[in-house]
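Q: sequence plus the predicted model coming up.
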Amino acid sequence: MGAITYDMEIPSSISAEKMFKAFVLDGDTIIPKALPHAITGVQTLEGDGGVGTIKLTTFGEGSVHKSVKHRIDGLDKENFTYSYSIIEGGALDVFESISYHIKIVATPDGGCICKNRSIYQPKCDAQVSEEEIKAGKERASGIFKKVEAYLLANPDC
């Protein structure tokens, strides 16, 4: 089975700069606040937050996975782009590799669109259903929308 790639665009009323700061630059503190039952913490294990940094995300009770480690592969603060790969835990029991490429684009109304490309490379014997792909898309969209709701409720972030 070849790589599974999906693209998703999620609109927001939050400015691109503010969303990138909250979702990417301050995500280690904002995301656990926005999703306190789903994500209990994000810890930097290696690096300074730039390319090559390795982070550990710990999930809340009831999650399918306990934690996941990811490596930052790209970070462009001027163009609001961010790429990372899962390197341990999570769904790597079924996939050889998982990578995400995020670009937050300003819209004329002062909001933004989060463009997310996810690339899953299944292990040779793994079978991945459309339902699993759809669930992954819904989780990604849900995280973005929870961060948006958190920023709307806490405008001074």
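A: Arrived safely. These figures come from a predicted structure and were not determined experimentally. Numbers count the residues shown, from 1 in each chain.
Q: residue contacts, Ala106?
A: Contacts for Ala106 (C-beta atoms under 8 Å, 6 or more residues apart in numbering) come out as 15-17, 112. Just so you know, the C-beta spots here come from the backbone N, C-alpha and C atoms, and that holds for glycine as well.
Q: report the central residue of this structure.
A: By C-alpha atoms, centre = their mean, the chain has its centre lying nearest to Ala140, at 6.4 Å.
Q: so what's that residue up against?
A: Contacts of Ala140 (C-beta under 8 Å, 6+ apart): 8, 100, 116, 118.
Q: and Gln43, bridged to which residues?
A: Beta-bridge partners for Gln43, by DSSP bridges, are Leu56.
Q: what about it, how many residues close to it?
A: 12 (other C-beta atoms under 10 Å).
Q: next up, the contacts around it.
A: If you count contacts by C-beta under 8 Å, 6+ apart, Gln43 has them with 28, 55-56, 58.
Q: any chance of those residues in a markdown table, with neighbour count, pLDDT and distance to Asn154 too?
A: Formatted as a markdown table, the contacts of Gln43 follow (neighbours: other C-beta atoms under 10 Å; pLDDT from 0 to 100; distance: C-beta to C-beta, whole Å):
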| residue | neighbour count | pLDDT | distance to Asn154 |
| --- | --- | --- | --- |
| Asp28 | 16 | 94 | 16 |
| Lys55 | 20 | 97 | 23 |
| Leu56 | 15 | 96 | 25 |
| Thr58 | 16 | 94 | 22 |
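Q: which of those residues lies closest to Pro36?
A: Thr58 (12.0 Å; C-beta to C-beta).
Q: gap between that closest one and Ala38?
A: Distance, Thr58 to Ala38, by C-beta to C-beta, to the nearest Å: 10 Å.
Q: just Ile10 next, same as before
A: Distance from Ile10 to Ala38, by C-beta to C-beta: 17 Å.
Q: closest to Gly89 among the contacts of Gln43?
A: Leu56 (8.5 Å).
Q: do I have it right that that closest one meets Lys69?
A: Yes: using C-beta atoms under 8 Å, Leu56 makes contact with Lys69 at a distance of 5.3 Å.
Q: quick one, strands of this protein?
A: Along the chain, counting by DSSP state E, strands occupy 4-12, 39-46, 54-59, 67-76, 81-89, 95-106, 112-122.
Q: among those, which is nearest Glu130?
A: Of the strands of the chain, nearest to Glu130 by C-beta to C-beta is strand 4-12, at 10.0 Å.
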